[in-house]
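Asker: coords please:
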Amino acid sequence: MQKKLMNNLLLKIVSIVIALAVWLLIVNINDPLVVKSYSVPVTIQNGAYIESGGKTYRVEEEQQMVTVILKGNSSVVQGRGGDIEAVADLRQIVDMDTTPVMVPVTAACDGVASENITVIPRTMAIKIEDMESRDFTITVNTTDTPGKGYEVGSAEAKPEKVTVSGPASLIRKIDRVVAEVSTLNLSEDTTKTCKLEVYDKNQDEMLSSQTSYLKFDIGEPVVDVHIDLWSVRDNVSLNVNYVGEPAEGYQVGSVTVTPSTISVAGTDEALGKLSQNRYAINLPEGAVVLEGQDKDFETKLNLSDYMPDDIIVANNVKSAIVNVSIIPIGSKQLTLQTKNINVQNLDNNLRVVFDTDKLVIGVKASDSMLEALTESSVAMTIDMTGMKTGDYEVPVQVELPLGCELLNSVKTLVRVSQLE
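Answerer: You can find the predicted model right below:
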């Protein structure tokens, strides 16, 4: 009887061992032990610990992520990236005298024991710097085009300046602080809230990884920008004056400005004053100086320098070119229509189109002959022998009345095309 009982006990123990083995096998098959790695951003805590001493800190971008390794059953450690918190507590700094300063990094994940969590690297390098502050006037940049008939007259940020504080190395890189605002299709004065953008001395916008260390005396880096729209007036003429005298024996033949008319925008009061001057803007005499000139010359003018108060140039026109022709005394310039040029020796299947509708020639003669000289007394001819389709600059043969002398050769641009 005792022998039978011992045999049953042994059988029971063997059965239990087998059951445990089977259970472990099933567990390891269905929920095996695994090791998973996750890239996790590091949260810095207790920054005030550094800042209380008039210092601040920076973390290089490559130091802001760590690898966290979790060990455990698959059901526990799989897909836990968003549940992991990696922390660098600045109160745990051991030695403040090293460069850089090293801060221990710890990680936690719900349901995973600390001994099954490994952080690589285990420390974060930070730079301790002096805190510095600087004032910046906020630059407003407007983008896009307002509604038809309007231009941006002024755009002003409120507040107009901001104090930026942060690590000295970053503050010294800042060139300007900008509020960029879209004026697309605006047709009335308005105020928009804009985020501030920080640009360095290379005119590159600072990355968020840098600006995250900056503090603004206005709190969040946003401002209100008030936009004033001005009405546009087209066909405003430019009147050009000049100072000085040409070289001895020469005189001014003509003065032309390109463009001859522009569009401007202004306040109602400023446009009212402009209307009293027949919508003409007089460029001052000092804008063009021709002292001692003995040949044609041109002057480029920045139009914004010559606009009346509360008037701006519209449609992105920036400049005007003033052309001054200088001719000998006892001569004059005569404007001729290119449509009156006689075209000779052109193939019957071709046609000519002139690039411009006018030509200006210089003629020397007695005062009485110059006074009587008109376009109808001048004949012009071009010879198109051998010309095929294409663009050409061709000489113009000019026949003048007896006693008149052509001052210089004349050419014109033509386009030859197939006759349809």
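Asker: now the helices: where do they sit in the stretch 201-350 of the chain?
Answerer: In order along the chain, the stretch 201-350 of the chain carries the following helices (DSSP state H, counting those that start in this stretch): 208-211, 268-276.
Asker: Which of these sits closest to residue 321?
Answerer: Nearest to residue 321 among the helices of the stretch 201-350 of the chain is helix 268-276 (22.5 Å), distances taken as C-beta to C-beta. C-betas here are computed from N, CA, C, even on glycine.
Asker: what comes up buried for that closest one?
Answerer: Along helix 268-276, the positions that meet the burial threshold by neighbour count (16 or more other C-beta atoms under 10 Å) are 270, 271, 274.
Asker: Check stretch 397-416 too.
Answerer: Neighbour-count burial for stretch 397-416, counted by 16+ other C-beta under 10 Å, picks out 397, 398, 400, 404, 406, 410, 412, 414, 416.
Asker: okay, the residues you listed in TSV with distance to residue 387 and pLDDT next?
Answerer: Formatted as TSV, these follow (distance: C-beta to C-beta, whole Å; pLDDT from 0 to 100):
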residue	distance to residue 387	pLDDT
397	15	96
398	20	96
400	26	94
404	29	93
406	24	93
410	18	93
412	13	94
414	8	94
416	5	94
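Asker: tell me the strands in the stretch 151-300 of the chain, going along the chain?
Answerer: Under the criterion DSSP state E, counting those that start in this stretch, the stretch 151-300 of the chain contains strands at 161-167, 174-182, 190-200, 215-216, 222-239, 250-258, 261-266, 280-282, 297-302.
Asker: want to try CSV for the ones you listed, with distance to residue 68, mean pLDDT and mean neighbour count as columns?
Answerer: What follows is these, written out as CSV (distance: least, C-beta to C-beta, whole Å; pLDDT from 0 to 100; neighbours: other C-beta atoms under 10 Å):
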stretch, distance to residue 68, mean pLDDT, mean neighbour count
strand 161-167, 28, 95, 18
strand 174-182, 35, 96, 19
strand 190-200, 32, 96, 16
strand 215-216, 30, 94, 17
strand 222-239, 35, 95, 17
strand 250-258, 68, 90, 16
strand 261-266, 59, 94, 20
strand 280-282, 69, 93, 15
strand 297-302, 60, 93, 14
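Asker: So which of the ones you listed is nearest residue 349?
Answerer: Each of the strands of the stretch 151-300 of the chain was scored for nearness to residue 349 using C-beta to C-beta, and the closest is strand 250-258 (36.2 Å).
Asker: Other residues contacting that closest one?
Answerer: Residues lying outside strand 250-258 but in contact with it, judged by C-beta atoms under 8 Å, 6 or more residues apart in numbering, are 238, 240, 242, 246, 283, 288, 290, 293-294, 320-329, 331-333, 360, 362.
Asker: and with 7 Å instead?
Answerer: When contacts are defined by C-beta atoms under 7 Å, 6 or more residues apart in numbering, strand 250-258 is touched by residues 238, 240, 242, 246, 290, 294, 320-329, 333, 362.
Asker: Make a ChimeraX selection of the buried ones in those.
Answerer: Listed next is the ChimeraX selection for buried residues among the contacts of strand 250-258, using 16+ other C-beta under 10 Å:
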select :238,240,242,246,290,320,322,324,325,326,327,362
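Asker: Verify the stated contact: residue 134 with residue 170.
Answerer: No - using C-beta atoms under 7 Å, residue 134 is not in contact with residue 170, being 10.5 Å away.
Asker: Those two: which is more packed in?
Answerer: Residue environment comparison for residue 134 versus residue 170 gives the larger neighbour count to residue 170, 21 against 14, counting by other C-beta atoms under 10 Å.
Asker: From residue 58, how far out is the more buried one?
Answerer: Residue 170 sits 7 Å away from residue 58, going by C-beta to C-beta, to the nearest Å.
Asker: Quick check: which ranges of this structure have low pLDDT?
Answerer: The model of the chain has pLDDT under 70 over residues 1-12, 21-30.
Asker: And the contacts of stretch 268-281?
Answerer: Contacts with stretch 268-281, where a contact means C-beta under 7 Å, 6+ apart, come from 231, 233, 235, 236, 237, 238, 239, 266, 308, 309, 310, 311.
Asker: Mind doing that once more with 6 Å?
Answerer: Surrounding stretch 268-281, the residues in contact under the criterion C-beta atoms under 6 Å, 6 or more residues apart in numbering are 233, 236, 237, 238, 239, 310, 311.
Asker: Mind putting the buried residues of stretch 397-416 into CSV with distance to residue 140?
Answerer: Supplementary listing: these in CSV, determined by distance: C-beta to C-beta, whole Å:
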residue, distance to residue 140
397, 59
398, 56
400, 59
404, 60
406, 56
410, 51
412, 48
414, 49
416, 52
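Asker: Between these, which sits nearest residue 315?
Answerer: Of the buried residues of stretch 397-416, the one sitting nearest to residue 315 (C-beta to C-beta) turns out to be residue 412, at 30.0 Å.
Asker: Please report phi then psi for that closest one.
Answerer: The phi/psi pair for residue 412 (degrees, to the nearest 10) reads phi -140, psi 150.
Asker: Hmm, it is touching residue 396, no?
Answerer: Yes - in terms of C-beta atoms under 6 Å, residue 412 counts as a neighbour of residue 396; the distance is 5.5 Å.
Asker: Need the contacts of stretch 268-281 in TSV (columns: distance to residue 347).
Answerer: Output for these, formatted as TSV (distance: C-beta to C-beta, whole Å):
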residue	distance to residue 347
233	49
236	46
237	43
238	43
239	46
310	59
311	53
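Asker: Next, count neighbours for residue 142.
Answerer: Counted with other C-beta under 10 Å, residues neighbouring residue 142 total 19.
Asker: Confirm it sits in a strand?
Answerer: Yes - the assignment for residue 142 (DSSP: H, G, I helix; E, B strand; the rest coil) places it in a strand.
Asker: Quickly list what it is bridged to.
Answerer: In this structure, residue 142 has the following beta-bridge partners (DSSP bridges): residue 181.
Asker: isn't it right next to residue 154, touching?
Answerer: No - the pair residue 142 / residue 154 is not scored as a contact, 9.7 Å apart, by C-beta under 6 Å.
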